[in-house]
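Asker: Predicted model and sequence follow; I will ask about them next.
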Amino acid sequence: MGTFSREERIMRRVIGLAKQGLGRVSPNPLVGCVIYKDGVKIGEGLHEKFGGPHAEVNAIGSVTNPADLAGSELFVNLEPCCHFGKTPPCTNLIIQSGIKRVVISNLDPFEKVSGNGVKQLREAGIEVIIGVMETEGAELNRPFFFSQKNKLPFVTVKIAQTADGRISTVSGQSKWITGESSRKDVQNLRFASDAVLTGSGTAKADNPSLTVRLDGNDKQPFRILLDSHLSVPAESNLFTDSFSSKTIVFHSDQITGPCGPKSSFLPVSEAENGLNLHQILEICFKKGIHQILVEAGPGVVTSLLKSGLVNQLVIYQAGKLLGNGKSWFENPDILQTVSDGIQLKLDSVEMIQNDLKISYLLKD
Ligand SMILES: NC(=O)c1ccc[n+]([C@@H]2O[C@H](COP(=O)([O-])OP(=O)(O)OC[C@H]3O[C@@H](n4cnc5c(N)ncnc54)[C@H](OP(=O)(O)O)[C@@H]3O)[C@@H](O)[C@H]2O)c1
C-alpha cells in the first residue's frame with residue numbers, strides 16, 4: 001500500500017464524508033469538507049441533501065469558535081461555488097471567514113462555476129491548491145461529471161446472470177438467479193439513482209415494483225417504463241402501488257397517451273428497434289434525472305449498448321450454471337473478429353456470498 005501525504009490523508013476523510021450524501025444530493029455532486037487550524041481539525045461537514053447547505057457551509061458552521069477560522073485551511077473535494085443557486089456562493093463565506101488556504105481535488109464542470117470559484121478566492125488573497133486526490137474525486141463524482149459535460153444522464157445497466165451468462169431459463173423463469181445478499185445490494189444501486197428504467201417486456205413478464213426497500217428509507221427514485229404501444233396492463237405495480245406518481249411512461253408519438261392519470265405519459269419518436277433512446281435520455285436530463293439504473297431485459301439492454309448510451313455495467317454473477325436459457329445481450333450482427341466486440345473496462349470486482357459483483361465502465 002502506498003503512503004499518503006498529509007493533504008491526501010485529509011482529502012481521504014473529505015471524500016469519506018462526501019460519500020455519506022450518496023443517493024440524497026443528485027443532481028448535485030457529492031461534496032465533503034474539513035477545516036484545519038494549526039494542524040488541528042476544527043470542523044467538518046458534507047452536502048447532505050439536494051437543496052440543502054453546501055459542504056463548506058456545514059463545515060464552517062460546525063466550528064465551535066468562529067474566530068478560529070481566521071488563518072485556517074479548508075479542504076474540499078470540489079471547487080467552491082461562486083454563484084447564487086439554491087444557496088448563496090460559498091466563495092463569499094470562505095473569504096469573509098478569514099480562511100487563508102483552500103485545497104481542492106477537482107474543478108467544478110458546472111459552467112457558472114468552472115474555474116471562477118478558484119479565481120475569486122485567489123483574487124481575495126487566498127492560496128488555492130488544486131488536484132489533491134484528483135482521480136479519487138473524479139471517481140466519486142463520475143455520474144455528475146459525465147452528466148454535466150454531456151447533458152445526458154449517467155446510465156448504469158444492472159444484470160443478474162448465471163456463471164454461463166444466462167438471465168432466465170428457456171421458458172423465461174428467472175427468480176432467483178442471484179442470492180439474497182446480491183438482491184439487497186441492488187437496493188443500494190436503486191437508492192443511489194434518480195430513476196430505475198425498464199422495458200415493457202420485463203414489466204409484463206415480472207410485474208416489478210422497482211422501489212427501494214431499505215430499512216428507514218424515505219426516498220423513492222422515479223420509475224421509467226419504455227412502452228411504445230401502451231401494452232403494459234393498467235393493473236401493474238408500476239401504476240397501482242403508492243408510488244404511481246413516480247412512474248414515467250415513454251410511448252410512441254404515433255399514439256395518444258391517457259389523460260389525467262397519476263403517472264406521467266410522454267410521447268417520443270420511434271427509432272429502428274423501438275423508442276428513440278437518445279431523445280428519452282435528453283428529456284430525463286432536462287427533468288433533473290441525471291443517474292439512471294437500467295433493470296430491463298435483453299431488448300432494452302441491447303438497444304442501449306448498441307446506441308453507445310451505457311456508462312457502466314454492473315453484473316451480479318451467480319455461482320450457477322443453466323446450460324441453456326436467455327442471454328442478456330442479443331446482438332443480431334454477425335461479428336467477423338473478436339476485436340469487433342464492445343470493449344469493457346474492468347472497474348471493480350466484489351464477492352457477495354456465492355455471487356460476484358463485477359463493475360465495468362464503457363465510456364467517459
Ligand atoms: N436477469 C436480469 O437481470 C433481468 C432483468 C430484467 C429482465 N429480465 C428478464 O428479461 C425478460 C424480458 O426481456 P425483454 O427483452 O422482453 O424485456 P425488456 O428489454 O425489458 O423490454 C423490451 C421491450 O421494450 C420496448 N422498447 C421500447 N423502446 C425500445 C428500444 N429502443 N429498444 C428495445 N426495446 C424497446 C419494446 O416493447 P414495445 O414495443 O412494447 O415498446 C421491447 O419489446 C424477462 O424474462 C425478464 O425476467 C432479466
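Answerer: That came through, no problem.
Asker: any idea how far Cys81 is from the ligand?
Answerer: Relative to the ligand, Cys81 is positioned 37 Å away (CB to the nearest ligand atom, to the nearest Å). Quick note: C-beta positions are derived from backbone N, CA and C, even for glycine.
Asker: Can you give me every residue that contacts that residue?
Answerer: When the contact criterion is CB atoms under 8 Å, 6 or more residues apart in numbering, the partners of Cys81 are His54, Pro89, Cys90, Thr91, Asp108, Phe110, Lys112, Val113, Gly117.
Asker: pretty sure the last one contacts Ile94?
Answerer: No. Under the criterion of CB atoms under 8 Å, Gly117 makes no contact with Ile94, lying 9.2 Å away.
Asker: Are there residues contacting both of the two? Which ones?
Answerer: If you check Gly117 and Ile94 against CB under 8 Å, 6+ apart, the residues they both contact are Pro80.
Asker: Spell out which parts of the stretch 51-200 of the chain neighbour the ligand.
Answerer: Of all the residues in the stretch 51-200 of the chain, those in contact range of the ligand (CB under 6 Å from any ligand atom) are Ile159, Ala160, Ile167, Ser168, Gly172, Ser174, Ile177, Thr198, Gly199, Ser200.
Asker: so which of these comes closest to the ligand?
Answerer: Using CB to the nearest ligand atom, Gly199 is the member of these that sits closest to the ligand, with 2.3 Å.
Asker: what kind of secondary structure is the residue nearest to the closest one when sequence neighbours are not counted in?
Answerer: Take Gly199 and drop its neighbours on the chain: the residue closest to it by CB to CB, 6 or more residues apart in numbering is Val300, 3.8 Å away. Following DSSP: H, G, I helix; E, B strand; the rest coil, the label given to Val300 is helix.
Asker: check which helix or strand covers Val102.
Answerer: Under the assignment given by DSSP states H and E, the secondary-structure element containing Val102 is strand 101-106.
Asker: ok so, going back, neighbours of the residue nearest to Gly199, how many?
Answerer: 23 (other CB atoms under 10 Å).
Asker: Need the phi and psi values for the residue most central in space within the chain.
Answerer: Nearest to the centroid of the C-alpha atoms of the chain, with distances taken as CA atoms, centre = their mean, sits Gln291, at 4.0 Å. Reported as degrees, to the nearest 10, the phi and psi values for Gln291 are phi -140, psi 120.
Asker: cool, Asp108 as well?
Answerer: The phi/psi pair for Asp108 (degrees, to the nearest 10) is phi -80, psi 120.
Asker: Enumerate the residues of the stretch 251-364 of the chain near the ligand.
Answerer: Taking CB under 6 Å from any ligand atom as the measure of proximity, the stretch 251-364 of the chain contacts the ligand at Asn273, Gly274, Leu275, Leu277, Glu295, Ala296, Gly297, Pro298, Gly299, Val300, Ser303.
Asker: Compare those and tell me which is most surrounded.
Answerer: The most crowded member of these is Ala296, carrying 26 neighbours; neighbours defined as other CB under 10 Å.
Asker: how about the helices in the stretch 51-200 of the chain?
Answerer: Per DSSP state H, counting those that start in this stretch, the stretch 51-200 of the chain has helices spanning 55-61, 90-97, 116-123, 134-140, 142-150, 180-191, 200-206. These are given in chain order.
Asker: Equivalent analysis for the stretch 201-350 of the chain, please.
Answerer: The residue ranges that make up the helices of the stretch 201-350 of the chain, judged by DSSP H, counting those that start in this stretch, are 237-240, 277-286, 298-306.
Asker: quick one: contacts of the first one?
Answerer: Contact partners of helix 237-240, identified using CB under 8 Å, 6+ apart, comprise 203, 207-210, 223, 225, 232, 234, 244, 247, 261-263.
Asker: Which residues are in contact with Ala234?
Answerer: Under the criterion of CB under 8 Å, 6+ apart, the contact partners of Ala234 comprise Thr240.
Asker: Could you tell me the angle between the helix or strand where Cys33 lies and helix 90-97?
Answerer: Assigned by DSSP H and E, Cys33 belongs to strand 32-37. Orientation of strand 32-37 against helix 90-97 (axes from the mean of the first three to the mean of the last three CA atoms, to 10 degrees) gives an angle of 10 degrees.
Asker: Neighbouring strands - and their directions - for strand 32-37?
Answerer: strand 40-46 (antiparallel), strand 73-78 (antiparallel) (DSSP bridges).
Asker: Next, the buried residues of it.
Answerer: Gly32, Cys33, Val34, Ile35, Tyr36, Lys37 (16 or more other CB atoms under 10 Å).
Asker: Nearest spatial neighbour of the fourth one, chain-adjacent residues omitted?
Answerer: Going back to what we said before, that points to Ile35. Spatial nearest neighbour of Ile35, excluding adjacent residues (CB to CB, 6+ apart): Gly43 at 4.1 Å.
Asker: What's the local residue count around that neighbour?
Answerer: A total of 21 residues lie near Gly43 under the criterion other CB under 10 Å.
Asker: I figured it hits Val63, correct?
Answerer: Yes. Taking contacts as CB under 8 Å, Gly43 lies within contact range of Val63: 3.9 Å.
Asker: Format the residues of the stretch 251-364 of the chain next to the ligand as TSV; extra columns: pLDDT.
Answerer: Below are those laid out as TSV (pLDDT from 0 to 100):
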residue	pLDDT
Asn273	87
Gly274	96
Leu275	98
Leu277	98
Glu295	98
Ala296	97
Gly297	94
Pro298	95
Gly299	95
Val300	97
Ser303	96
